[in-house]
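[1] Provided below for reference: sequence and predicted model.
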Amino acid sequence: MTAQPTKRLPFLVPAGVTAVLVMAALAALHRSDPAPPAETAPAPQALRPSLDCAFHDFMRTRAVVSYYFDVVVRSSEGPRFYERAVVQGDGTRTDFVGDRRPAWGYSLDEDGRATLTSPDESTRIVLYTLKLGDAGVRPVEAGIRSNEYRNLGGECRQTNLAHDTR
């Protein structure tokens, strides 16, 4: 039995070469395209002054309550903390806007630690490592004291609490 030359061979070779050339050209184009610009986080100085706190159960397995504050810091007076939102452990969220934002009192306790007190004075947040006058973002060790939440530990994040010159 003798092999008969196939008539398809002359068509397959140029098609294969063309496919390889097209793939090489696409690969070259893909490599020459500049990478898309990466999304960058805003510079810390561009973030508005805030304090965000989360307080955990005793085993530190879940958040019991989280508070979010807008902060106004002026060198001519003490800082002002306006509650922006509170989130309960079950996910229930209450937002406050404009003039409805509760203003929490700021003071130093008998040990010189920064303390926030709710408008009805039922809840206190002790900010053990708050650094007023610092620009940027930094962690703050904190604790909450109230009849509802008892004495829970937590953490806050302070953002741009540098003194404003106004």
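    Happy to help now that I have it. Numbers count the residues shown, from 1 in each chain.

[2] who's in contact with S107?
    Taking CB atoms under 8 Å, 6 or more residues apart in numbering, we find S107 in contact with A114, T115, T117. The C-beta positions use only the backbone N, C-alpha and C, and glycine is treated the same way.

[3] now do 7 Å
    S107 is in contact with T115, T117, counting by CB atoms under 7 Å, 6 or more residues apart in numbering.

[4] So it: helix, strand or coil?
    Following DSSP: H, G, I helix; E, B strand; the rest coil, S107 is assigned to strand.

[5] any idea how far it lies from V97?
    Plainly put, S107 is 26 Å away from V97 if you go by CB to CB, to the nearest Å.

[6] And for D134?
    Distance from D134 to V97, by CB to CB: 27 Å.

[7] likewise E141?
    Distance from E141 to V97, counting by CB to CB: 29 Å.

[8] do the same with S50
    14 Å.

[9] Between the two, tell me which one has more neighbours.
    S50 (19 against 9; other CB atoms under 10 Å).

[10] residues contacting the more buried one?
    F69, D70, V71, T159.

[11] okay, now the spatially closest residue to it that is not a sequence neighbour: neighbour count?
    Spatial nearest neighbour of S50, excluding adjacent residues (CB to CB, 6 or more residues apart in numbering): T159 at 4.7 Å. When neighbours are counted by other CB under 10 Å, T159 registers 19.
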